[in-house]
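In: output the structure for:
(one chain, ligands or ions: 1)
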Amino acid sequence: MNDKQHKVVIVGGGAGGLILATRLAKHAKRSTKQSTNLSVTLVDESLTHIWKPLLHEIAAGSLNSYEDEMSYLSHAARHHYDFQLGKFSRIDRQQKLLYLDEVYDSNGNVLIEARTLKYDSLVFAIGSTNNDFGTPGVKEHCFMLDNRKNAEYFHTHFIGKFLAARAKQDNESLVHINIVGGGATGVELAGEIYSTMKRIVTFGLKDFNLDRIKICVIEAGNTILVGQTEKVQKGALKELKKIGIDVKLNSKVSEVNSTTIVIDESNILPSSLSVWAAGISGSMNESAFDGLALNRVKQIVVNAGLQSHEDESIFAIGDCAECVVDGNRLAPRAQVAQQQAIFLADNFMGFIDSNNMPEFVFREKGSLITIGESDAVGNIFASIFGSFYVQGAIAKWAYLSLYRQHQLQTLGVYRTIIQVLKDSMTRVLGPKIKLH
Ligand SMILES: Cc1cc2nc3c(=O)[nH]c(=O)nc-3n(C[C@H](O)[C@H](O)[C@H](O)COP(=O)(O)OP(=O)(O)OC[C@H]3O[C@@H](n4cnc5c(N)ncnc54)[C@H](O)[C@@H]3O)c2cc1C
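Out: Predicted structure coming up:
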């Protein structure tokens with residue numbers, strides 16, 4: 001008979017939080033022998049989950065976000081945890097309370113009153129937002145890809161610019177799409193936009209000359225894909241150039257205006273659509289965390305057991321956490337969030353019993369960058385062979401497998417297989433591109 005109650009609240013149901021809620025609730029259900037009765041609550045500001053690495057596909061229109069979203073409410077019911085809709089605004093560590101803002105309907109009326117949730121253990125998995133580094137004009141004039149709404153917003157404008165250019169009689173005016181940041185997000189978005197344009201032309205707008213759309217990736221450093229091996233960087237650069245995407249290295253954006261981007265204070269580029277993908281930052285200010293230490297990009301600083309330094313009942317995983325393993329700060333990647341979620345879920349029951357967390361060990365599985373519909377470059381790590389470079393179809397397949405792993409963790413084997421079949425059928429039967 002379980003006599004103690006322990007309430008775990010997870011804030012953020014993304015790449016890390018959703019896996020954690022699913023797996024922890026599964027462990028809690030199975031461990032009836034344990035003396036503690038664990039209840040799991042997941043909080044998210046959205047009603048549905050979309051895996052963030054798909055956002056560049058939603059932005060370009062190669063993925064219809066409604067096809068791939070998952071309802072938290074139905075997932076929670078199926079996997080034995082509670083779901084609460086709401087945006088976290090702050091915590092009170094003394095009272096162990098999580099404060100949630102009011103939830104509004106689409107007309108701006110209050111749907112759910114502001115409220116608090118009591119916790120015994122709290123896990124932050126709230127991801128990150130774009131970091132504009134204080135660059136003038138970015139907030140006002142740049143599109144961001146940090147959530148689904150923003151990706152859809154970009155998509156609408158992208159299609160609009162495309163159609164407007166086509167409607168112009170001169171057949172010459174150009175559309176300049178500038179993507180600031182040569183990291184994975186920027187490179188993948190550039191490739192996806194190119195693929196989408198090609199498909200739009202093939203499927204309907206045959207009279208449009210693709211050369212009228214100029215895509216440029218602007219990077220402040222001397223290479224794209226910092227942190228990747230030189231071979232991956234060169235491979236990606238070659239692929240981008242092959243499909244006509246301009247890459248400007250050593251080019252620091254100093255200002256963004258409605259129709260221009262200024263590089264290094266003086267070089268002015270025309271810009272019909274400017275996208276900012278130049279780094280991440282935590283989404284909440286220090287005051288929200290009631291004294292937890294944040295680093296300079298507002299990530300919660302955690303120890304080797306993923307606990308905040310100031311409060312061992314508060315954990316952080318994924319993009320919102322600064323986690324250092326073997327002297328290296330882990331990069332904000334889905335594979336980090338996923339491994340941290342699995343680690344936490346698998347060690348949580350032990351933590352409640354002994355008050356001890358083991359050390360998180362990160363296992364690099366490789367890193368892949370997709371460039372458009374059918375190409376990808378990257379490194380795969382295999383325990384027997386070590387790291388090796390892959391390109392083309394194998395790399396594309398390996399890239400997709402990261403998403404399938406996410407689905408396996410959150411849906412289980414049976415539903416993942418159904419999902420794979422459904423995706424294959426949609427690819428054959430459904431529209432190739434979202435044009436609205
Ligand atoms: C376009 C793009 C492509 C990418 N490609 C790759 C890739 O190929 N490989 C890779 O490893 N990584 C990739 N990434 C990075 C990867 O998406 C992130 O590292 C990963 O999603 C982080 O997981 P997370 O759980 O920390 O946060 P997220 O997945 O961002 O989830 C955060 C969740 O918290 C919720 N939330 C946020 N704030 C609040 C709040 N105040 N209250 C309540 N809920 C809140 C959000 O709604 C969301 O559901 C890519 C990112 C982008 C944008």
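In: any low-confidence regions in the protein?
Out: For the chain, the stretches with pLDDT under 70 are 1-3, 32-35, 169, 171, 204, 373-375, 380-388, 427-436.
In: do that again at 80, thanks
Out: For the chain, the stretches flagged by pLDDT under 80 are 1-4, 31-36, 64-67, 168-173, 202-208, 366-368, 372-400, 424-436.
In: and it, which residues reach the ligand?
Out: The chain has residues 11-17, 43-46, 52-53, 55-56, 87-88, 125-127, 145, 184-185, 188, 283, 318-320, 332-335, 337 near the ligand, with proximity defined as Cβ under 6 Å from any ligand atom. For glycine as for every other residue, the C-beta is placed from the backbone atoms N, C-alpha and C.
In: burial count for residue 48?
Out: By other Cβ atoms under 10 Å, 17 other residues sit near residue 48.
In: I meant to write residue 227 there.
Out: Using other Cβ under 10 Å, residue 227 has 12 other residues around it.
In: how about the stretch 101-250 of the chain: which residue is closest to the ligand?
Out: In the stretch 101-250 of the chain, the residue that lies nearest the ligand is residue 127 (2.6 Å; Cβ to the nearest ligand atom).
In: and the strands in the stretch 1-150 of the chain, which stretches?
Out: 4-11, 36-44, 48-49, 70-71, 82-85, 88-92, 97-100, 103-104, 110-112, 115-118, 121-124, 129-130, 142-144 (DSSP state E, counting those that start in this stretch).
In: including distance to residue 210, could these go into JSON lines?
Out: Shown next, in JSON lines, are the strands of the stretch 1-150 of the chain (distance: least, Cβ to Cβ, whole Å):
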{"stretch": "strand 4-11", "distance to residue 210": "44"}
{"stretch": "strand 36-44", "distance to residue 210": "39"}
{"stretch": "strand 48-49", "distance to residue 210": "34"}
{"stretch": "strand 70-71", "distance to residue 210": "35"}
{"stretch": "strand 82-85", "distance to residue 210": "43"}
{"stretch": "strand 88-92", "distance to residue 210": "44"}
{"stretch": "strand 97-100", "distance to residue 210": "47"}
{"stretch": "strand 103-104", "distance to residue 210": "42"}
{"stretch": "strand 110-112", "distance to residue 210": "45"}
{"stretch": "strand 115-118", "distance to residue 210": "52"}
{"stretch": "strand 121-124", "distance to residue 210": "44"}
{"stretch": "strand 129-130", "distance to residue 210": "28"}
{"stretch": "strand 142-144", "distance to residue 210": "21"}
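In: so which of these is the most surrounded?
Out: Greatest average neighbour count among these goes to strand 121-124 (a mean of 27), per mean count of other Cβ atoms under 10 Å.
In: who touches that strand?
Out: 6-12, 17, 20, 91, 96, 98, 300, 313-317, 320-321, 344, 348, 352 (Cβ atoms under 8 Å, 6 or more residues apart in numbering).
In: change it to 6 Å
Out: Residues from elsewhere that reach strand 121-124 (Cβ atoms under 6 Å, 6 or more residues apart in numbering): 8-11, 300, 313-316, 320.
In: closest to residue 237 among the residues you listed?
Out: Using Cβ to Cβ, residue 320 is the member of those that sits closest to residue 237, with 31.1 Å.
In: skipping adjacent residues, who's closest to that closest one in space?
Out: residue 126 (4.8 Å; Cβ to Cβ, 6 or more residues apart in numbering).
In: give me the distance between the one you found and residue 276.
Out: For residue 126, the distance to residue 276 equals 20 Å [Cβ to Cβ, to the nearest Å].
In: next, residue 206: secondary structure please.
Out: Using DSSP: H, G, I helix; E, B strand; the rest coil, the secondary structure recorded for residue 206 is coil.
In: ok and the residue in the stretch 201-350 of the chain nearest the ligand?
Out: The nearest approach of the stretch 201-350 of the chain to the ligand comes at residue 318, 2.1 Å away (Cβ to the nearest ligand atom).
In: count the residues that sit near that residue.
Out: Counted with other Cβ under 10 Å, residues neighbouring residue 318 total 32.
In: quick one: stretch 105-122 to chain centroid distance?
Out: 24 Å (Cα atoms, centre = their mean, to the nearest Å).
In: for residue 425, give me its contacts.
Out: Contacts of residue 425 by Cβ under 6 Å, 6+ apart: none found.
In: pull the contacting residues for residue 247.
Out: Residue 247 touches 217, 240, counting by Cβ under 6 Å, 6+ apart.
In: what residues are bridge-paired with it?
Out: Taking DSSP bridges as the rule, residue 247 bridges to residue 217.
In: let me know the distance separating it from residue 274.
Out: Here residue 247 is placed at a distance of 16 Å from residue 274 (Cβ to Cβ).
In: and what of residue 407?
Out: 33 Å.
In: neighbour-wise, which of these two wins?
Out: residue 274 (24 against 19).
In: need phi/psi at residue 279.
Out: Residue 279 adopts backbone torsions of phi 140, psi 160, taken as degrees, to the nearest 10.
In: and for the closest residue to it other than its chain neighbours, the neighbour number?
Out: Leaving aside its sequence neighbours, residue 279 sits nearest to residue 131 (Cβ to Cβ, 6+ apart; 4.2 Å). Counted with other Cβ under 10 Å, the neighbours of residue 131 add up to 18.
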